[in-house]
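> Model the following, please.
(one chain, ligands or ions: 2)
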Amino acid sequence: MEKDTGLLLYRNMLLIRMSEERLAQSRQAGLVHGACHTYVGEEAVATGVCAHLNQDDMVFSTHRGHGHALAKGVSPFEVMAELYGRETGCSHGRGGSMHLFKPEVGLMGTSGIVGPCILQAAGAGYTFKLLGKPNVAVAFFGDGASNNGAFHEGVNLAAIYKLPVLFVCENNLYATEVPSSYSSGNPDIYQRAIGYGIPGVKVDGNDAWEMFLAAGEAVRRARAGEGPTLIEAKTYRTRAHSEGMRDVGYRTQEEVESWKARDPIKMLRDRLLRDHTADEDDIDNVHNEVTARVTDDHQRAADSPWPKGSDALSHVYFEGA
Ligand SMILES: Cc1ncc(C[n+]2csc(CCOP(=O)(O)OP(=O)(O)O)c2C)c(N)n1
Ligand SMILES: [Mg+2]
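Numbering: from 1, shown residues only. Ligands and ions are numbered 1, 2, ... in the order given. Reported below is the predicted structural model:
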């Protein structure tokens, strides 16, 4: 692992973690309007994938999308201001957590509807292919979404046309409170790739380096015209399904603790130090930089103006040419 790559992955995971811990506090303080599904514990997935993408590559995301947005290059300030309902948010405070958009960096939207991101990524891949563009589209989605009809339609379409798409299933073992072992005939979702004639890869979704390597190969394939890949990232959310929801009765404390012991940020830190890729000072520097950034971005977001009532009808329909 190159030092620069290792520290970039570490930095981006920490940026997501600290931003969301700040958002969770802000929600308790009444600053967040609407739902807030955090990605805490799953940061390695978006970080490892998005490290290979440029601004013209497109990401289609879910209800649990803060990490995808941040990894794709939306700033903590724009994400926080959006959840705080401010004009400076990436959707001008109109959308909140599940309507984060920034097409300029390829973040094509988080969404409260479970499943369609799979179809949208296939559609974007089709566009790239028709226009002869060298870009890739990525759908991030959960184990729950993989049981939605959109999964079959989107993956099959991408397979037959060899579209440049990554289907990244974040299997965190539950859809809200329903275990995937209950709702899936075969909870090893990567094995479904066989049915579509495309590669299916199982990855430790808490291992940023493994995610980076698997995504690198899938992006290479996509850009080379070899078609889509289904990546199943085995991971876990360590906070409640959504902030403020109860988190008891469907999983055990022991299970949560066993996954916290495999925290993706801690795992990468241990690897960086063990392999002498980076030292404690390097890691402290990243912590200091990210802490200062998130603190400052939160304050600027909280101090930002509300949208004006007179602007309520702007940004509702596309007005550009
Ligand atoms: C089409 C649709 N069906 C149901 C819901 C209600 N719902 C919201 S989140 C969720 C669970 C999704 O589980 P998964 O895809 O595994 O994502 P996770 O929350 O675990 O990240 C469901 C069923 C929805 N938002 N949209
Ligand atoms: Mg899930």
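
> all contacts plus neighbour counts: C-alpha atoms, from now on.
OK.

> Can you report how many residues neighbour Glu232?
Summarising burial for Glu232: neighbours were counted as other CA atoms under 10 Å, giving 26.

> going forward can the numbers begin at 151, since that is how I track them
I'll keep to 151 as the first residue from here, and by that count the last item is Glu382.

> May I ask which helix or strand encompasses it?
Element membership for Glu382 (DSSP states H and E) is strand 379-384.

> Check which helices and strands that strand sits against.
Contacts of strand 379-384 with other secondary structure elements, assessed using 3 or more CA pairs under 8 Å, 6 or more residues apart in numbering; DSSP states H and E, are made with strand 315-321, strand 350-354, helix 358-373.

> Just say which of the ones you listed is most tucked in.
Among those, the stretch with the highest mean neighbour count (mean count of other CA atoms under 10 Å) is strand 315-321, at a mean of 28.

> Distance from the chain centre to it, please.
Here the centre of mass of C-alpha atoms in strand 315-321, compared against the chain's by CA atoms, centre = their mean, to the nearest Å, lies 10 Å away.

> how far off strand 379-384 does that strand point, in degrees?
Computed by axes from the mean of the first three to the mean of the last three CA atoms, to 10 degrees, the angle separating strand 315-321 from strand 379-384 equals 20 degrees.

> Against which helices or strands is strand 315-321 packed?
Counting by 3+ CA pairs under 8 Å, 6+ apart, strand 315-321 packs on helix 266-281, strand 287-292, helix 358-373, strand 379-384.

> For that strand, what does the pLDDT average out to?
Model confidence over strand 315-321 averages 99 on the pLDDT scale.

> For it, list the C-alpha coordinates in PDB.
The C-alpha atoms that make up strand 315-321 are tabulated as PDB, following Å, rounded to 0.1, in the frame of the first residue of the first chain:
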ATOM      1  CA  VAL A 315     -21.500  -0.100 -14.000                       C
ATOM      2  CA  LEU A 316     -20.500  -1.200 -10.400                       C
ATOM      3  CA  PHE A 317     -23.300  -2.600  -8.400                       C
ATOM      4  CA  VAL A 318     -22.100  -2.300  -4.800                       C
ATOM      5  CA  CYS A 319     -24.300  -4.100  -2.300                       C
ATOM      6  CA  GLU A 320     -23.700  -3.000   1.200                       C
ATOM      7  CA  ASN A 321     -24.800  -6.100   3.100                       C
END
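
> give me phi/psi at the residue nearest to Ser211 when sequence neighbours are not counted?
On the basis of CA to CA, 6 or more residues apart in numbering, the spatially nearest residue to Ser211 that is not a chain neighbour turns out to be Thr260, at 4.5 Å. Main-chain torsions, Thr260, degrees, to the nearest 10: phi -90, psi 160.

> got the contact list for Thr260?
Thr260 makes contact with Phe210, Ser211, Thr212, His213, Arg214, Gly215, Ala219, Ser247, Met248, His249, Leu250, Phe251, according to CA atoms under 8 Å, 6 or more residues apart in numbering.

> What's the biggest helix in this protein, counting residues?
Secondary structure assigned by DSSP state H gives helix 153-178 as the longest helix of the chain.

> what comes up buried for that helix?
Judged by neighbour count using 16 or more other CA atoms under 10 Å, the buried positions of helix 153-178 are 156-171, 173-174, 176-177.

> coming back round to it: make JSON lines from the helices and strands packed on strand 379-384 and add distance to Ser454 to it.
As requested, the helices and strands packed on strand 379-384 are exported to JSON lines (distance: least, CA to CA, whole Å):
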{"stretch": "strand 315-321", "distance to Ser454": "33"}
{"stretch": "strand 350-354", "distance to Ser454": "39"}
{"stretch": "helix 358-373", "distance to Ser454": "34"}
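
> So for Leu281, which of those sits nearest?
Taking CA to CA, helix 358-373 is the member of the helices and strands packed on strand 379-384 nearest to Leu281, at 13.4 Å.

> quick one, that closest one and strand 350-354 angle?
Put simply, helix 358-373 runs at 160 degrees to strand 350-354, going by the same axes, to 10 degrees.

> list the helices and strands helix 358-373 packs on?
Helices and strands touching helix 358-373, as assessed by 3+ CA pairs under 8 Å, 6+ apart, comprise helix 193-200, strand 315-321, strand 350-354, strand 379-384, helix 414-424.

> Let's see that helix as PDB, backbone CA atoms only.
Included here for helix 358-373 are C-alpha records, laid out as PDB according to Å, rounded to 0.1, in the frame of the first residue of the first chain:
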ATOM      1  CA  ALA A 358     -10.800  -0.300   3.300                       C
ATOM      2  CA  TRP A 359      -7.800  -1.800   1.500                       C
ATOM      3  CA  GLU A 360      -9.700  -4.900   0.300                       C
ATOM      4  CA  MET A 361     -12.500  -2.600  -0.800                       C
ATOM      5  CA  PHE A 362     -10.100  -0.400  -2.700                       C
ATOM      6  CA  LEU A 363      -8.500  -3.400  -4.500                       C
ATOM      7  CA  ALA A 364     -11.900  -5.000  -5.400                       C
ATOM      8  CA  ALA A 365     -13.300  -1.700  -6.600                       C
ATOM      9  CA  GLY A 366     -10.200  -0.900  -8.600                       C
ATOM     10  CA  GLU A 367     -10.500  -4.100 -10.600                       C
ATOM     11  CA  ALA A 368     -14.300  -3.500 -11.200                       C
ATOM     12  CA  VAL A 369     -13.600   0.000 -12.400                       C
ATOM     13  CA  ARG A 370     -10.800  -1.200 -14.600                       C
ATOM     14  CA  ARG A 371     -13.200  -3.700 -16.200                       C
ATOM     15  CA  ALA A 372     -15.900  -1.100 -16.600                       C
ATOM     16  CA  ARG A 373     -13.600   1.400 -18.300                       C
END
